[in-house]
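Colleague: fold the following and give me the result.
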Amino acid sequence: MDDDGTRVPFLEILDNVGYTISSFFCPKASGVSLIIPAYNEEKTIKNVIEKAKKVSVISEIIVVNDGSKDKTARISEECGVEVISHHKNLGKGEAIRTGITNANGDILLFLDADWENISVGKIWAIIKPILKNRADFVKATFTRSRGRVTEFAIKPMMKVLYPKMNFEQPISGQFAGKKKFLESVKIESKWGIDIAILLDAIKEDQRIVEVGVGEIIHKKNPDEIAAEMSRQVMETILKRSGMICDKHRAIIFSEKTILSPIFEDKARRFLEILRSKKIKIILLSSEEINEEYKKCFDVILPNDKESMKKNSKIVKSILKKEGITLENVVLIVNSEGFEEIAPDVDLSFCFKSAPEKLKESSTLISSLSDVLMYLK
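Modeller: Numbering: from 1, shown residues only. This is a model prediction of the structure:
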């Protein structure tokens, strides 16, 4: 039996008699940075830090104080560890990003600041497989009963999308990985971060190991927070699997690309696919549109001959209101007035009949379905 929960009680006995377990098992290991994202955790942060200090392979401890309003930062400083504070609460994902950026170790360990029954043995169980070169990425599993959303939504979704992978607990805040890999991860800003890192580890063919750490006692989140956490986790899974778009947040059409009566049925189906991918659909049109078809678009803007000259300004104005930048936009247009903005968006498409200047900065397509392979 190795690297599983059955070893933890033995390690905890050694903790109680003051034994330096990390020196016993891996005397040459070094370069592990511990990062503790923390938001209003004054009751538990000291215990987490004190236990971590007893693990000799941990060369630095960084508490990322994510805009706490209590004594989290002060208590951490009094414990003699590095504290990096956000000016306001930015979310767990941003706290993890800050930790990754500022850590010096080749191996990064992440622990929740509210882990009440943490022990040296449990910490060691998480990092040992990497130190022994048996894994690249390690997640902790635990005996705390999992929520119904994890059991009946997240785990089944993972099984469908990643049938070859079987994780006891896909979402866990206790994990470790190599800094080189973690620096390459696209960070989700809030609660989707734990699953995002796991899915990127799968994509990058990291050697992933789950280790049991026995029981974990956390504070219980209110139902409304737990529900939002679950929503963000499931949304992240869908993003990473390509089922909904992550990068492209808006797609802009001119009427000559989407309003042809001959292809209206196909266009409707195409717009339904875009909507399922959570992309905002914007139309600039000078034509009359029936009420049913209007429902396919999130925003419809007038586009008469006079305003066509101002298309770029109109697009930038609506994107600003929606909080979307040009680098997250896809353009599918076939008329004048878009030549200025086409080079600035992430993707620009047009048909053969488009103005020559527009074709210079756009990808030619023969049908709308060609666009789907480019969406991210």
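Colleague: domains of this structure?
Modeller: 5-240, 250-374 (automatic domain parsing).
Colleague: can I get these in TSV including mean neighbour count?
Modeller: No exception for glycine: its C-beta is placed from N, CA and C like everyone else's. Below are those laid out as TSV (neighbours: other CB atoms under 10 Å):
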stretch	mean neighbour count
domain 5-240	18
domain 250-374	16
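Colleague: need the strands for this protein, in chain order.
Modeller: Secondary structure of the chain, counting by DSSP state E: strands at 32-38, 58-65, 82-85, 107-110, 137-141, 175-178, 208-212, 250-254, 280-285, 299-302, 329-332, 347-350, 363-364.
Colleague: can you flag the weakest of those by average pLDDT?
Modeller: Lowest mean pLDDT within those: strand 299-302, a mean of 81.
Colleague: helices or strands next to that strand in the packing?
Modeller: strand 280-285, helix 311-322 (3 or more CB pairs under 8 Å, 6 or more residues apart in numbering; DSSP states H and E).
Colleague: redo those as TSV? Include distance to residue 241.
Modeller: Listed next are these as TSV, based on distance: least, CB to CB, whole Å:
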stretch	distance to residue 241
strand 280-285	21
helix 311-322	25
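Colleague: ok, which of these comes nearest residue 63?
Modeller: Closest approach to residue 63 among the helices and strands packed on strand 299-302 is made by helix 311-322 (35.9 Å; CB to CB).
Colleague: pLDDT weak spots in the stretch 101-250 of the chain?
Modeller: 144-149, 152 (pLDDT under 70).
Colleague: mind listing the helices for it?
Modeller: Assigned by DSSP state H, counting those that start in this stretch, the stretch 101-250 of the chain shows helices spanning 120-131, 148-149, 155-161, 179-182, 193-203, 223-240.
Colleague: and the longest one, what does it pack onto?
Modeller: If contacts are counted by 3+ CB pairs under 8 Å, 6+ apart, helix 223-240 sits against helix 155-161, helix 193-203.
Colleague: now tabulate those in TSV and tack on distance to residue 53.
Modeller: Compiled in TSV, the helices and strands packed on helix 223-240 are given as follows (distance: least, CB to CB, whole Å):
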stretch	distance to residue 53
helix 155-161	35
helix 193-203	25
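Colleague: residue 285 versus the residue nearest to residue 314 when sequence neighbours are not counted, what's the distance?
Modeller: Distances taken as CB to CB, 6 or more residues apart in numbering place residue 301 nearest to residue 314, at 6.0 Å, with adjacent residues excluded. Separation of residue 301 from residue 285 (CB to CB, to the nearest Å): 8 Å.
Colleague: nearest residue to the middle of this structure?
Modeller: Centroid-nearest residue in the chain: residue 188, 2.6 Å away (criterion: CA atoms, centre = their mean).
Colleague: that one reaches residue 93, doesn't it?
Modeller: Yes: if you go by CB atoms under 8 Å, residue 188 and residue 93 touch, sitting 4.6 Å apart.
Colleague: between these two, what contacts are shared?
Modeller: Residues touching both residue 188 and residue 93 (CB atoms under 8 Å, 6 or more residues apart in numbering): residue 196.
Colleague: from residue 226, how far out is residue 331?
Modeller: Going from residue 331 to residue 226 by CB to CB gives 39 Å.
Colleague: what does residue 143 give?
Modeller: 19 Å.
Colleague: what do you get for residue 273?
Modeller: Residue 273 sits 31 Å away from residue 226, going by CB to CB.
Colleague: now swap in residue 67 and tell me
Modeller: Between residue 67 and residue 226 the distance is 21 Å, computed by CB to CB.
Colleague: same question, residue 65
Modeller: 23 Å.
Colleague: over to residue 316?
Modeller: 39 Å.
Colleague: contacts only, for residue 200.
Modeller: By CB under 8 Å, 6+ apart, the contact set of residue 200 is 181, 184, 185, 186, 240.
Colleague: try 7 Å this time
Modeller: residue 185 (CB atoms under 7 Å, 6 or more residues apart in numbering).
Colleague: could you do residue 91 as well?
Modeller: 189, 190.
Colleague: tell me the mean pLDDT for stretch 311-320?
Modeller: If you average the pLDDT over stretch 311-320, you get 82.
Colleague: still on that earlier bit, distance of the residue nearest to the centre of the chain from residue 101?
Modeller: 16 Å.
Colleague: swap in residue 43?
Modeller: In this structure, residue 43 and residue 101 are 28 Å apart, going by CB to CB.
Colleague: also residue 71?
Modeller: To residue 101, residue 71 is 25 Å away according to CB to CB.
Colleague: for the closest residue to residue 60 other than its chain neighbours, what are its contacts?
Modeller: Spatial nearest neighbour of residue 60, chain neighbours left out: residue 33 (4.9 Å); criterion: CB to CB, 6+ apart. When contacts are counted by CB under 7 Å, 6+ apart, residue 33 is found next to 59, 60, 62, 103, 104, 105, 108.
Colleague: now do the contacts for the second one.
Modeller: Looking back up the chat, that one is residue 60. 33, 82, 104, 105.
Colleague: find the pair from the residues you listed with maximum spatial separation.
Modeller: 82 and 105 (12.3 Å).
Colleague: in a markdown table: the strands of the chain, plus distance to residue 219.
Modeller: Shown next, in a markdown table, are those (distance: least, CB to CB, whole Å):
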| stretch | distance to residue 219 |
| --- | --- |
| strand 32-38 | 12 |
| strand 58-65 | 17 |
| strand 82-85 | 21 |
| strand 107-110 | 18 |
| strand 137-141 | 17 |
| strand 175-178 | 19 |
| strand 208-212 | 22 |
| strand 250-254 | 38 |
| strand 280-285 | 37 |
| strand 299-302 | 42 |
| strand 329-332 | 41 |
| strand 347-350 | 44 |
| strand 363-364 | 51 |
